[in-house]
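Visitor: Curious how this folds, go ahead:
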Amino acid sequence: MNQKQEHDEGKRLWNLLSLPFRKKPAVGVTPADVIHQENKWRLLRYRPRAAGVAFSTPVLLVPSLINRHYVLDLMPGKSFAEYMVQQGHDVFLLDWGTPRNEDRFLTFDDICERYLGRALSLTASFSKRNQAHLLGYCMGGILTAIHTAVHPNNVASLVQLAAPVRFHDDGLLSAWMRTPSFDIDAMIDAFGNVPWQLMQSAFHLLRPTLPLSKAVGLVDRAWNDEFLDGFFALETWGNDNVSLPGEFYRRYARMYRDDDLVRGAMTLGGAPVHLSSIRCPLLVVTFEHDNIVPWQSAAELMTLVSSEDKQHLHLPGGHVGAVVSKSAARGLWPNISSFWALRDRTSLA
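Guide: Predicted structure coming up:
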């Protein structure tokens, strides 16, 4: 064993023994201001870099309702929002907040049409052409696709990040949601909001050996302080779950059961949702090893839209790791930044 190996082994042992006392890394710390707040949700605007904003079209990031918004602002060096600010984009983010018992009656239309619509309209108001680039991640991508299909005017371009549109697939999540014995109505009537514990358990079923795999990886790389900070930041986010409004989930679950989004059988605010109505520039991002959203289910959008300017970016990695990892900073993030930059009508740089 050479001197470096001896040092690493000593550091590994010390870090493992001191884990209970290790300070948790700060998450979601990129400077931002709340520019709008309504019920539980907030619209954040990240403060620009010292050189100022370089592009005229702002960006609105829409995460999932199930997990906290700061997955897109995990920690310094692993923050999608931080990176985009550094590239000169004017970045906004929709923080869905935490629903309470009184939110059990919030409908799909309330969230997808009204809340998202107001966040998009406010973001677009910072542009001379009253448009914004829209990015939806996971469930957030389902909402952005549906909203854009019905209300396209404020959307300069659409980026779909690991966002399914076809729900009848071979994934375990789809099979679970479509199980006849899973009485969704009875669950919602009993609980009101869908308990976060149920949602978290469902995701754990997708990879039952994941806790063991994490433990092995933790021991193997415990000598690396940078790895440990990233590991615990992601664990903080992964265990910071929120419940879902019951009525919203009742309609959301029907998409899995009926696959009515790709069939053109869905409505939003009484208007039909046809994905073929999407004509704006489109970037669909999928991940080869995504166990939550099978990549084929997300890539399906490419065949359904009417956009002439459309791209499919398929990358290795999983549903979360591929978005917040070092490899994302080298590949995914620059690709998305370039997509927006090339479709910005007026550069301020």
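Visitor: only C-alpha atoms for contact and neighbour calcs from this point on.
Guide: OK.
Visitor: Ala271 - how many residues pack around it?
Guide: The number of residues packed near Ala271 is 11, by other CA atoms under 10 Å.
Visitor: no no, Ala50
Guide: Here the number of neighbours of Ala50 (other CA under 10 Å) works out to 9.
Visitor: So for it, what's the pLDDT?
Guide: Residue-level confidence at Ala50 comes out at 96, pLDDT.
Visitor: just for this structure, where's the confidence low?
Guide: Per-residue confidence for the chain (pLDDT under 70) gives these ranges: 1-19, 21, 201-224, 228, 232, 345-349.
Visitor: Tell me which residue lies nearest the centroid of it.
Guide: The C-alpha lying nearest the average C-alpha coordinate of the chain belongs to Tyr137 (CA atoms, centre = their mean; 2.9 Å).
Visitor: Kindly provide the distance from it to Asp185.
Guide: Noted for Tyr137: a distance of 26 Å to Asp185, by CA to CA, to the nearest Å.
Visitor: Any idea what the residue nearest to the centre of the chain is bridged to?
Guide: Leu161 (DSSP bridges).
Visitor: That one touches Val62, doesn't it?
Guide: Yes - between Tyr137 and Val62 there is a contact under CA atoms under 8 Å: 6.3 Å.
Visitor: tell me, what's touching those two both at once?
Guide: Taking CA atoms under 8 Å, 6 or more residues apart in numbering as the criterion, Tyr137 and Val62 do not both touch any residue.
Visitor: Can you measure across stretch 231-245, start residue to end residue?
Guide: End-to-end span of stretch 231-245 (CA to CA): 30 Å.
Visitor: and for that stretch, what are the contacting residues?
Guide: Around stretch 231-245, the neighbours that count as contacts under CA under 8 Å, 6+ apart are 24-27, 65-68, 70-71, 74-75, 98-99, 103-107, 192-197, 199-200.
Visitor: Identify each buried residue in stretch 45-57, please.
Guide: Within stretch 45-57, the residues scored as buried using 16 or more other CA atoms under 10 Å are 45-49, 52-57.
Visitor: Make CSV from those residues and add secondary structure to it.
Guide: Putting the buried residues of stretch 45-57 into CSV (DSSP: H, G, I helix; E, B strand; the rest coil) gives the following:
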residue, secondary structure
Arg45, strand
Tyr46, strand
Arg47, coil
Pro48, coil
Arg49, coil
Gly52, coil
Val53, coil
Ala54, coil
Phe55, strand
Ser56, coil
Thr57, coil
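Visitor: Now distance to Arg166 too, for those residues, in JSON lines please.
Guide: What follows is these, written out as JSON lines (distance: CA to CA, whole Å):
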{"residue": "Arg45", "distance to Arg166": "32"}
{"residue": "Tyr46", "distance to Arg166": "33"}
{"residue": "Arg47", "distance to Arg166": "37"}
{"residue": "Pro48", "distance to Arg166": "37"}
{"residue": "Arg49", "distance to Arg166": "39"}
{"residue": "Gly52", "distance to Arg166": "40"}
{"residue": "Val53", "distance to Arg166": "37"}
{"residue": "Ala54", "distance to Arg166": "36"}
{"residue": "Phe55", "distance to Arg166": "34"}
{"residue": "Ser56", "distance to Arg166": "34"}
{"residue": "Thr57", "distance to Arg166": "30"}
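Visitor: Closest to Ala81 out of those?
Guide: Within those, proximity to Ala81 (CA to CA) peaks at Tyr46, which comes in at 7.9 Å.
Visitor: Spell out the secondary structure type for the closest residue to Phe182 other than its chain neighbours.
Guide: Once its chain neighbours are removed from consideration, Phe182 has its nearest residue in Trp176; the separation is 7.7 Å (CA to CA, 6 or more residues apart in numbering). The local conformation at Trp176, judged by three-state DSSP, is helix.
Visitor: Trp176: neighbour count?
Guide: Using other CA under 10 Å as the criterion, the residues surrounding Trp176 number 15.
Visitor: Spell out the residue ranges of the strands in the stretch 201-349 of the chain.
Guide: Under the criterion DSSP state E, counting those that start in this stretch, the stretch 201-349 of the chain contains strands at 266-268, 271-273, 282-287, 310-315.
Visitor: Which among these is found nearest to His168?
Guide: Going through the strands of the stretch 201-349 of the chain one by one, with CA to CA as the measure, strand 266-268 comes closest at 15.3 Å.
Visitor: Show residues contacting that closest one.
Guide: For strand 266-268, with CA under 8 Å, 6+ apart as the criterion, the contacting residues are 109, 112-113, 146-147, 150, 260, 272-274.
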